[in-house]
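K.L.:
Provide a 3D model corresponding to the input given below.
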Amino acid sequence: MKICALGYIGIGVPDPRACLDYATSVLGLMPARACPGEDWGMPAVPGSGPASAGSGIAADGSVYLKMDDWQWRIGVHPRAGRAGLMYLGLEVAGALELEQALAELRAAGCEARAATETEARARAVTGMGHTRDPMGTAIELVYGPVKDRKFVSPAGMEFGAGALGVG
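P.N.:
Below is the predicted model of the structure:
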């Protein structure tokens with residue numbers, strides 16, 4: 001299995017909106033201009049843009065942040081109790097590589113399945129597969145991220161995500 005890059009991470013916290021302020025003002029991340037699964041709308045058509053209106057806040061209270069040309073890289077989700085990692089999105093080259101990776105995981109005795117189109121859209125990727133690590137953390141193998149090349153750091157920062165992904 002060949003993983004190309006770390007695509008995105010999802011964490012659970014009691015107050016995602018508090019994380020939004022910290023991430024934008026201190027870390028220099030930008031709220032996603034459209035949350036995963038939202039329609040971008042049509043230019044020059046009033047009211048046709050994403051429901052989040054560029055706030056990075058989804059209807060369920062999740063916050064999506066970007067640092068480069070991906071639509072989002074960090075998802076911060078409401079979760080009662082202790083904060084922590086919920087999922088990792090690992091990028092593969094394409095559909096064939098995703099199929100091969102899922103087959104390798106199953107051959108190694110791991111549960112692995114292809115995602116539905118709805119699940120992939122909810123992460124703003126073309127295709128996706130699911131598995132879990134030995135600790136139970138969701139691992140999502142993805143390809144074809146939705147791109148949004150308009151990254152502007154509120155703090156004037158630049159990030160070198162590049163070919164290796166988030167890190």
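
K.L.:
okay, now the unreliable bits of the chain?
P.N.:
41-49, 159-167 (pLDDT under 70).

K.L.:
what about the helices in it?
P.N.:
Taking DSSP state H to define them, one finds helices in the chain at 16-25, 95-107, 117-122.

K.L.:
tell me what Ile9 is bridged to.
P.N.:
Note on Ile9: beta-bridge partners by DSSP bridges are Ile74, Leu88.

K.L.:
quick check, it in contact with Gly75.
P.N.:
Yes. Counting by CB atoms under 8 Å, Ile9 touches Gly75, with 7.2 Å between them. All C-beta atoms are positioned from the backbone trio N, CA, C, and that covers glycine.

K.L.:
picking that back up, of all the helices of the chain, which lies closest to Ala138?
P.N.:
With CB to CB, the closest approach to Ala138 among these belongs to helix 117-122: 11.1 Å.

K.L.:
show me what counts as buried in the closest one.
P.N.:
By 16 or more other CB atoms under 10 Å, the buried positions in helix 117-122 come out as Glu119, Ala120, Arg121.

K.L.:
do stretch 106-115 as well
P.N.:
In stretch 106-115, counting by 16+ other CB under 10 Å, buried: Ala112, Ala115.

K.L.:
re the thing from before, compare Ile9 and Gly75 (neighbour count), which wins?
P.N.:
Gly75 (25 against 17; other CB atoms under 10 Å).

K.L.:
residue contacts, the more buried one?
P.N.:
Gly75 makes contact with Tyr8, Ile9, Gly10, Ile11, Pro36, Ser62, Val63, Tyr64, Leu65, Met86, Tyr87, according to CB atoms under 8 Å, 6 or more residues apart in numbering.
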